[in-house]
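Asker: Provided below are the primary sequence and the corresponding predicted coordinates.
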Amino acid sequence: MQPVAHAIELSSFRARAGVSDEEIVAAYRLIRQEYMPQQPGVIHHDWFRRDSGEWVDLLVAESLEAAHRACAGWLDHPATRALMALMEPGSTDLAFWIPGALPAFLTVGE
């Protein structure tokens, strides 16, 4: 059975001037290979780019604690520091999300 997601982390940032999409993608691949496999409770990690050039990082975890642990380690790992060096200072936004209660009309019959 697949683990159930109980938290997500969404962060966004802009790349520094002159940084290419290919550099960002290469940095994320390094994170996927070297950092994420060491993070217990992480179900999925991915990244997306908007047409405006803003990047969004998505982490899906089994618990809010697992999401917090995975994000806390970013400051101390070479693979994640490589990505942070490509980010425009002051452009990052980070938030954690947990499931909310479903409205009653969606739970009828359960």
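Answerer: Received it, and whenever you're ready, just let me know what you need. Numbering: from 1, shown residues only.
Asker: and the residue lying closest to Glu62 once chain neighbours are set aside, its phi and psi?
Answerer: Excluding the flanking residues, the one nearest Glu62 by Cβ to Cβ, 6 or more residues apart in numbering is Gly41, at 4.3 Å. Backbone N, C-alpha and C define where each C-beta goes, glycine included. Per-residue torsions, Gly41: phi 90, psi 0 (degrees, to the nearest 10).
Asker: go on, Ala61?
Answerer: Note on Ala61: backbone dihedrals following degrees, to the nearest 10 are phi -130, psi 160.
Asker: give me the helices and strands touching the top helix by length along the chain, please.
Answerer: What stands out as the longest helix in the chain, according to DSSP state H, is helix 21-34. Helix 21-34 sits against strand 42-49, helix 78-84, with contacts defined as 3 or more Cβ pairs under 8 Å, 6 or more residues apart in numbering; DSSP states H and E.
Asker: who does Leu59 bridge with?
Answerer: Per DSSP bridges, the residues bridged to Leu59 are Glu9, His45.
Asker: for it, give its distance to Tyr35.
Answerer: 11 Å (Cβ to Cβ, to the nearest Å).
Asker: between those two, who's got more neighbours?
Answerer: Neighbour count, other Cβ atoms under 10 Å: between Leu59 and Tyr35, Leu59 has more, with 23 against 19.
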